Each structure stands twice: as C-alpha cells, then as structure tokens.
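This is the structure alone, sequence omitted:
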C-alpha cells in the first residue's frame, strides 16, 4: 500500500514531532511516500528544490497513492489543496485532528467524503490506524 501523509510544512511546524511518530506508525501498513515531512530540518531539504519541482513531485506521489492520511490540526493551504486533489481523484482520505487544539475548518469537518478522526495524543493512533487499515 502506498500512503501519502500530508501535514503542514510552510504553514507551521508546531506538530513536527508528532508527524515523525505518525509516519513511523503508518509505515507498519505500507510505504509512506512523504517520509520527509517528519524530518526536523525539512526547510533545509526543501530550499534547494524549486516550488514547481515540489509541486510536481508531491502531486505525482499523491496520484500514485492508495490512501491519504492528512494531519489537519495545523492549518495549511498546501494540505487543503492535497485533500481536494485527492478527493477529485477518488482517493480515500483520513483527516487526523488533535482535539482541544483549536477549531477544525468547516470545509474539512463538513465534507462527508472525508473521514475525520479526532485524537488527543499520538499514543491513541496505533489503535485508530488498526481500524483504518483492517
């Protein structure tokens, strides 16, 4: 299974530590195409790549993915774009939202085609992923 993990990069890295843990947990179910999102020095890696190259690389990975898991706690224009593109392609989309961290966009929460799963700690995610990937 090819898993596209989407999470905030330029929109803020407040949850970067969680992203690394989530990617590790997702790896039990398949190949995470976007492992780099969990890296601490992501900005250093991305600064030598043009925006066009990033767009082409990421949309290519998205198109070949079997599922999208999007961490939507930190608002991000890019993640919103990836979710919309994935929806238009008919890819299953799981949106993870950390409870008590703010308000989730109505455009995500109100879209019945998205599976929004709330959690309070990354420690809860193995059980959630077990249900998602069964």
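Okay, I see it. Not measured: the values here are computed from a predicted model.

give me the element residue 22 is part of.
In this structure, residue 22 sits in helix 16-26 according to DSSP states H and E.

buried set for that helix?
16, 18, 19, 20, 22, 23, 25, 26 (16 or more other C-beta atoms under 10 Å). Every C-beta, even on glycine, is put in place using the N, C-alpha and C of the backbone.

Now render the residues you listed as TSV, adding distance to residue 105 and pLDDT.
Shown next, in TSV, are these (distance: C-beta to C-beta, whole Å; pLDDT from 0 to 100):
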residue	distance to residue 105	pLDDT
16	20	86
18	19	93
19	19	93
20	24	93
22	19	97
23	23	96
25	24	96
26	23	97
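
Go through these and name the one nearest residue 120.
Residue 120 has its nearest neighbour among the buried residues of helix 16-26 in residue 18, at 11.6 Å by C-beta to C-beta.

How much space separates the closest one from residue 53?
Counting by C-beta to C-beta, to the nearest Å, the gap from residue 18 to residue 53 is 27 Å.

top helix in this structure by residue count?
As assigned by DSSP state H, the longest helix anywhere in the chain is helix 51-64.

Wait, a helix at residue 69?
No. Membership of residue 69 in a helix is not supported by DSSP: H, G, I helix; E, B strand; the rest coil, which gives strand.

Now do the contacts for residue 6.
By C-beta atoms under 8 Å, 6 or more residues apart in numbering, residue 6 lies in contact with 34, 37, 68, 69, 70, 71, 78, 79, 82, 83.
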